[in-house]
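just the structure for this:
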Amino acid sequence: MSACIENNLNPNIVNSAALVGRILLALIFITSGFGKIREFDGIAGYIASKGLPLPQLATIIAIAVELHPHASETIRLRSSSFFLEGE
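Predicted coordinates for the structure are as follows:
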């Protein structure tokens, strides 16, 4: 059924909507990453309470994973293929 429907959408509107969607999705991860920076000791303490080794390092890795790929996706910088494998 959908193959029969013509695509009459304005490409500028579609591109703008995609950009807004990427920004809103990235904001979720960016705010979470900055929240982890603000509450670094609390997050590391929580990780330590679960018995995981090196809680400070685990917190740093969590912050890096949340901030780097989503911030770079928002501004379209693809500087690290480590986080963006498969694209």
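
in this protein, what helix or strand scores lowest on average pLDDT?
None of the helices or strands of the chain scores lower by mean pLDDT, DSSP states H and E than helix 55-75, at a mean of 78.

host element of N15?
In this assignment (DSSP states H and E), N15 forms part of helix 11-38.

and that helix, how far from the chain's centre?
8 Å (CA atoms, centre = their mean, to the nearest Å).

ok, now stretch 35-54?
That offset, for stretch 35-54, works out to 20 Å (CA atoms, centre = their mean).

for the protein, give me the ranges with low pLDDT.
1-7, 69-87 (pLDDT under 70).

before we move on, back to that, flag every buried residue along the helix holding N15.
Neighbour-count burial for helix 11-38 flags A26, F29, I30, G33, K36 (criterion: 16 or more other CB atoms under 10 Å). To be clear about C-beta, it is placed using only N, CA and C from the backbone, and glycine gets the same treatment.

from A64, how far off is the second one?
Separation of F29 from A64 (CB to CB, to the nearest Å) stands at 12 Å.

what does the last one give?
When CB to CB is the yardstick, K36 and A64 sit 10 Å from each other.

hmm, back to that, the helix or strand following the helix holding N15 to helix 11-38, inter-axis angle?
Downstream of helix 11-38, the first helix or strand assigned by DSSP H and E is helix 40-49. Orientation of helix 40-49 against helix 11-38 (axes from the mean of the first three to the mean of the last three CA atoms, to 10 degrees) gives an angle of 80 degrees.

helix 40-49: which residues count as buried?
I43, A44, I47.

show me the contact partners of it.
The contact list for helix 40-49 (CB atoms under 8 Å, 6 or more residues apart in numbering) reads K36, P55, Q56, A58, T59, A62.

now render those residues as TSV, adding distance to A18.
Listed next are the contacts of helix 40-49 as TSV, based on distance: CB to CB, whole Å:
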residue	distance to A18
K36	28
P55	38
Q56	37
A58	33
T59	32
A62	28
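
out of those, which is most surrounded?
T59 (22 neighbours; other CB atoms under 10 Å).
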